[in-house]
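Engineer: Build the 3D model from these lines:
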Amino acid sequence: MLGRRDPQQSLFSAQNLPHRVPGDSFYGRMAAVSSVLFSDDDLKDMYDPANGRPSLPPSLLSGVLLLQFHDDVSDAEAVQRLQFDLRWQVALGLATDFAGFAPSSLTYFRQRLLEHQQERYAFDRFIKVGRAAGFIPDRVTLLTDTTRAKGGGAVQDTYTLLRKGIRKLLKQLGYAVPGKARGLAPETQRLVATSLDQDRKAQLDWADPAQRAAQLQVLCQDAAAALDLAAEHSDDADVRATGWLLVKILGDDLALDDQGQPQIAQGTAPDRIISITDPEMRHGRKSRAQRFDGFKVAVSTEQTSELILDVADISAVGSDGQELLPTIARVEQHADVLVERALGDGAYGSGANRAACATHPGQPIDLVAPLARPNDPVVAKSAFALDLVAETATCPQGHTITAQAGTPQLGLPTWRFTFPRTTCEACPLFARCVKSKTTGRTVSTHPYEAELQAARQRQQTAEFKALYPLRSAIERKQAELVQHGLRDTRYLGQPKRQLQRLWTAAVNFKRLFKLAETRQVDLAVAFK
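Structural biologist: Residues are numbered from 1 along each chain as shown. Predicted coordinates for the structure are as follows:
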């Protein structure tokens, strides 16, 4: 049953007592709108209207979550601050003798938010307030980028992944129950006993390649036996998921040598699992030099107000640019705006993104993103004049040839231009331009060649050079979010991770007050 906050303040309310919490601090500003910040009725559908004891007021718990993610503290620490931290008591309008509640209440409240698809509650509320106050225009320029975030599990090597995967599968099959393994073959009983009775690496000399190889063979045999048990004894969804996990580890991490024995495969599979505890973690890169283990977080802000309009937990693998269109769709849906321009780094400037933005429903989107500069611009593809209408190519030395049909890509036609070897050999740029040992220089068009040509030309204009530096504001906002724990993943599973990202991004609350002061807007009115 829905519990509500008592509008009658206590005699010992921290807001009514002398205190030294600055009015322009996060806590003081929160206190100024504490009575209208969150409403119990906003979340009443999460509770049974007639059954059960009254809950803790959802408006109070929402305020606690906001402070918890702002201060980046645990559930237990959050409850202690409610009891002993005057700043929290002032921010929430609590009495100085507030008794607190069990930390698990916050766990249950977050789970209730997820079950009722209300994880965006605070984030969307602040966006609506920003719209109501006039801070966010109807047509917006979106600044977007990603940053890395740690995973919630330990990064494990292949031996540990196999050992823990086998153990997890056997436990899901119920073999942790005494007597469950009776009647199985002796070798299978040994597997169950050794996998469940101990959870540590084998005692061997890990510096010895022969011992490592022998242990790997044992683990592969045990994994095959565990998968056979799973196939015979269960059709449970969790068992199938763990079985798939184990099969993927075997396929990604191992290869057979000339004798048919398993060995660690060379290279790294693009979507390699790196943790049994958090199977969605992946190796990722923000650059060639910067590798990380975990996830990416995509952050998008509105250019004039610097309010965050979207934050999303995404996979560590893949290009950042593939998140552009989903981001635009979410922003337009939840913020009720039209995106007229998007600024991103080179990862967002693909031909597919440019074509999709040009044909965006409602209105075309101006995508401002750079293309990579060639190592040798004198002989790079960009130095060739490609006429897609006449289907001709002219090299930097003025030689023109006609096209041959290339291999279609992405369902679109392409063209291939191969210059005669004799023509290229007579060119002073031959050594720099031609890499083939048998033919002249070959240039192939991209499926979105027209979009890329237009982007390359625009990149040289004064307009582009004035617009693109505006993108740097997104990096400041990411740095602010990192200060509030954005990179420290608290939970397992994408829904819970997304909840954390959204509530951390509710630091929009701070920006709302700064905008209100600058533009002389009564924010309390906008919250009502």
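Engineer: Show me the domain layout of the chain.
Structural biologist: 26-118, 158-264, 282-370+466-498, 381-450 (automatic domain parsing).
Engineer: Indicate which one of the ones you listed is closest to A516.
Structural biologist: domain 26-118 (9.2 Å; C-beta to C-beta). C-betas here are computed from N, CA, C, even on glycine.
Engineer: after the helix or strand harbouring L161, next one along is what?
Structural biologist: In this assignment (DSSP states H and E), L161 forms part of helix 158-172. Later in the chain than helix 158-172, the nearest helix or strand by DSSP H and E is helix 186-197.
Engineer: helices and strands around that following helix, which ones?
Structural biologist: Counting by 3 or more C-beta pairs under 8 Å, 6 or more residues apart in numbering; DSSP states H and E, the packing neighbours recorded for helix 186-197 are helix 158-172, helix 209-233.
Engineer: Tell me where the stretch 1-150 of the chain has strands.
Structural biologist: Taking DSSP state E, counting those that start in this stretch, the strands of the stretch 1-150 of the chain run over residues 139-150.
Engineer: on that earlier part again, which of the domains of the chain has the lowest mean pLDDT?
Structural biologist: Across the domains of the chain, domain 158-264 has the smallest mean pLDDT, namely a mean of 87.
Engineer: Show the end-to-end separation of that domain, please.
Structural biologist: Distance across domain 158-264, first residue to last, is 8 Å (C-alpha to C-alpha, to the nearest Å).
Engineer: roughly how far is it from the heart of the chain?
Structural biologist: In terms of C-alpha atoms, centre = their mean, to the nearest Å, the centre of domain 158-264 is found 31 Å from the chain centre.
Engineer: and what of stretch 307-314?
Structural biologist: 9 Å.
Engineer: Look at A329 and tell me its secondary structure.
Structural biologist: helix (DSSP: H, G, I helix; E, B strand; the rest coil).
Engineer: What is the burial count for it?
Structural biologist: Residues lying near A329 (other C-beta atoms under 10 Å) number 14.
Engineer: Without its sequence neighbours, what residue ends up closest to P370?
Structural biologist: G346 (5.1 Å; C-beta to C-beta, 6 or more residues apart in numbering).
Engineer: helix/strand/coil for L309?
Structural biologist: strand.
Engineer: A132 against A524, yeah?
Structural biologist: No. If you go by C-beta atoms under 8 Å, A132 and A524 don't touch, sitting 11.8 Å apart.
Engineer: Now V299: which helix or strand?
Structural biologist: Judged by DSSP H and E, V299 forms part of strand 291-302.
Engineer: Report the buried residues of that strand.
Structural biologist: 292-302 (16 or more other C-beta atoms under 10 Å).
Engineer: In those residues, find the pair that's most separated.
Structural biologist: D293 and E302 (31.6 Å).
Engineer: picking up where we left off before, turn the helices and strands packed on helix 186-197 into a markdown table, including distance to F101.
Structural biologist: As requested, these are exported to a markdown table (distance: least, C-beta to C-beta, whole Å):
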| stretch | distance to F101 |
| --- | --- |
| helix 158-172 | 33 |
| helix 209-233 | 42 |
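Engineer: Pick the most deeply packed of these.
Structural biologist: helix 158-172 (a mean of 21; mean count of other C-beta atoms under 10 Å).
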